[in-house]
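K.L.:
build the 3D model from these lines:
(one chain, ligands or ions: 1)
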Amino acid sequence: MALRLGDLAPDFTAETTQGTIQFHEWLGDGWGVFFSHPADFTPVCTTELGTVAKYREEFEKRNVKTIALSVDPLASHHEWIKDINETQRTTVDYPIIADADRKIAEMYDMIHPNSLENLTVRSVFIIGPDKKIKLMLTYPASTGRNFDEIIRVIDSLQLTANYSVATPANWKDGEEVVISTSISDAQIPEKFPKGHTPVKPYLRLTPQPNK
Ligand code: BEZ
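P.N.:
The predicted structure follows:
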């Protein structure tokens, strides 16, 4: 059955550019971004893997590990990393899984044959410290992903995991958030001492609690 939000991210053993890993053990107690790309030595993928390397500080600040996957073999990944480092002016310091037998790609439903035959599409999974899937995104081969959006979702997920809030459309870190509908009006002053704006009984805004 296809994976859904809230499911446990399937565990696996994989050969990667940083050695053999057991996925859950490798994730540890933090967050993870697991993403697939169609093929090594392709232009859009080269920019994507370089961008993830350049965002290292942003991911680290949020206690997030990143890991990539394609169905190309390990030797190809190692050669391609040299190109990524050279052309994107960075250092790929996170593992790339070599999934030549497509076992992991199939487990995570990363092959969409009507879009791209036999290759993984651009899938993204954000995995929480509880190893559950918090976000799934699927992009076509021709569109490079927006990693600012992925960071934005991580900020939202980490905020909403700790406070009774949700984040509105186009929200960015530091902006007003929505008070959860499970919080009664009477509870608001104690829970949200910075104040709130009641727009409708079901739409109540408050400054971001952790800022
Ligand atoms: C690319 O990364 O540019 C790409 C990969 C596979 C198919 C099409 C484009």
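K.L.:
which of the three states applies to the residue nearest to Thr167 when sequence neighbours are not counted?
P.N.:
Computed as Cβ to Cβ, 6 or more residues apart in numbering, the closest residue to Thr167 that is not its neighbour in sequence is Ser156, at 4.3 Å. In this view, the C-beta of every residue, glycine as well, is placed from N, C-alpha and C. Under DSSP: H, G, I helix; E, B strand; the rest coil, the three-state class of Ser156 is helix.
K.L.:
and Ser156, how many residues sit next to it?
P.N.:
For Ser156, the tally of surrounding residues (other Cβ atoms under 10 Å) stands at 20.
K.L.:
just checking, it touches Ala169?
P.N.:
No - applying Cβ atoms under 8 Å, one finds Ser156 not in contact with Ala169, separated by 11.3 Å.
K.L.:
okay, which residue of the protein is out on the far edge from center?
P.N.:
Relative to the centre of the chain, the most outlying C-alpha is that of Ala186, 36.1 Å out, by Cα atoms, centre = their mean.
K.L.:
specify the local secondary structure of that one.
P.N.:
Recorded secondary structure, Ala186: helix (three-state DSSP).
K.L.:
for the remainder of this discussion, apply numbering that starts at 839.
P.N.:
All right, first residue 839 from here; so that's Ala1024.
K.L.:
circling back: ok, the residue nearest to Thr1005 to Glu944 distance?
P.N.:
30 Å (Cβ to Cβ, to the nearest Å).
K.L.:
equivalent analysis for Phe1030, please.
P.N.:
For Phe1030, the distance to Glu944 - Cβ to Cβ - is 45 Å.
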